[in-house]
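Asker: take a look and give me a structure for this.
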Amino acid sequence: MKYSYYPGCTLRNKAKDLDAYARASAAVLGFELEEIEDWQCCGGVYPLGSDEIATKLSSVRALNEAKMKGQALVTLCSACHHVIKRVNDDMKNVEDIRTRANNYMALEEPYAGETDVYHFLEVLRDQIGFDKLKEMVKNPLTGRKIGAYYGCLLLRPSKLMAFDDPENPTILEDFIRAIGAEPVVYPYRNECCGGYISLKEKEMSSKMCDTITESAASMGAEMLITACPLCLYNINKSSANDLPVYYFTELLAEALGVKEEVAK
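Answerer: Below you'll find the model as predicted:
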């Protein structure tokens, strides 16, 4: 299996591990992430303004390139996934945005939302299968009690993202079981960490992170995993956080026996 791959800006600097462990794990699991050429930043935030399309064009370019290759588009960063999937929905269902974007880009063939967009976790769940993943684990993470932190961007708006149940998601817990560890379910795993207000409202954001980590620790979690670079950064800098936070791909690579190769 080969997918077009959109890494995004953060995976080129602060979140290199998220990217590197994913690529190594994909190779073991039998699928290829073919990085899109000349991709541009998605903007990090889905643009709600409907009267301009400039902030949507980088996503449209990536989506169209995947379409031209006849491939689905895979993302890793929660923010990138959120933006690209919502822009894809615009191109599929909002005629005014679709028309103006296509007129601006002057594509040989108009883009109309044909590309399927998957998060890496969805590939594991829906294409590889967690049962198959479990069979391929070489180093099961037995005994580790791991809390899944979803945040908000993967789950909402739920009908459009179609990632998991926004109130009771299970994909990360199922992932944790597949790599041999014990998932810890806690109340605030799908609440926002305050990432987008962390510079302007530092105290409020810090309190939000404290609530998340205290909730996880109270239920017995010894660590947290996430797919979001902003969430990881925000929770790690919280003064009340005593739990280590990892990208889910790092634990995946460890379970598959390729973590040390990436670390070199």
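Asker: helix, strand or coil for the closest residue to P140 other than its chain neighbours?
Answerer: Once flanking residues are discounted, P140 sits nearest to G180: 2.7 Å by C-beta to C-beta, 6 or more residues apart in numbering. (Glycine included, C-beta is placed from N, CA and C.) Under the three-state scheme (DSSP: H, G, I helix; E, B strand; the rest coil), the conformation of G180 reads as coil.
Asker: return the residues in contact with G180.
Answerer: K134, V137, P140, L141, T142, A255 (C-beta atoms under 8 Å, 6 or more residues apart in numbering).
Asker: could you dump the residues you listed into TSV and include distance to A221 and pLDDT?
Answerer: Converted to TSV, those look like this (distance: C-beta to C-beta, whole Å; pLDDT from 0 to 100):
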residue	distance to A221	pLDDT
K134	21	98
V137	21	98
P140	18	98
L141	14	98
T142	16	98
A255	18	98
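Asker: highest neighbour count among these?
Answerer: The most crowded member of those, judged by other C-beta atoms under 10 Å, is A255 (24 neighbours).
Asker: elements contacting the helix or strand it falls within?
Answerer: Using DSSP states H and E, the element containing A255 is helix 248-256. Packing partners of helix 248-256 (3 or more C-beta pairs under 8 Å, 6 or more residues apart in numbering; DSSP states H and E): helix 16-29, helix 171-178, strand 223-226, helix 259-263.
Asker: L199 is nearest to which of these?
Answerer: strand 223-226 (19.5 Å; C-beta to C-beta).
Asker: after that closest one comes which helix or strand?
Answerer: Assigned by DSSP H and E, the successor of strand 223-226 is helix 229-236.
Asker: for stretch 257-264, output the C-alpha coordinates as PDB.
Answerer: Presented in PDB, the C-alpha positions along stretch 257-264 are these (Å, rounded to 0.1, in the frame of the first residue of the first chain):
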ATOM      1  CA  GLY A 257      11.400  -3.200  17.400                       C
ATOM      2  CA  VAL A 258      12.600  -0.300  15.300                       C
ATOM      3  CA  LYS A 259      12.900   2.500  17.800                       C
ATOM      4  CA  GLU A 260      16.600   2.100  18.300                       C
ATOM      5  CA  GLU A 261      17.200   2.300  14.500                       C
ATOM      6  CA  VAL A 262      15.400   5.600  14.400                       C
ATOM      7  CA  ALA A 263      17.300   6.900  17.400                       C
ATOM      8  CA  LYS A 264      20.600   6.400  15.700                       C
END
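Asker: tell me which residues of that stretch are tucked away?
Answerer: By neighbour count with 16 or more other C-beta atoms under 10 Å, stretch 257-264 contains the buried residues V258, K259, V262.
Asker: one step back: for the helices and strands packed on helix 248-256, could you give me CSV that also reports distance to S206?
Answerer: Converted to CSV, those look like this (distance: least, C-beta to C-beta, whole Å):
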stretch, distance to S206
helix 16-29, 23
helix 171-178, 24
strand 223-226, 16
helix 259-263, 31
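Asker: return the most buried member of these.
Answerer: Across the helices and strands packed on helix 248-256, the average number of neighbours (mean count of other C-beta atoms under 10 Å) peaks for strand 223-226, which reaches a mean of 23.
Asker: what is that strand packed up against?
Answerer: Short answer (3+ C-beta pairs under 8 Å, 6+ apart): strand 223-226 packs on strand 145-148, helix 229-236, strand 245-247, helix 248-256.
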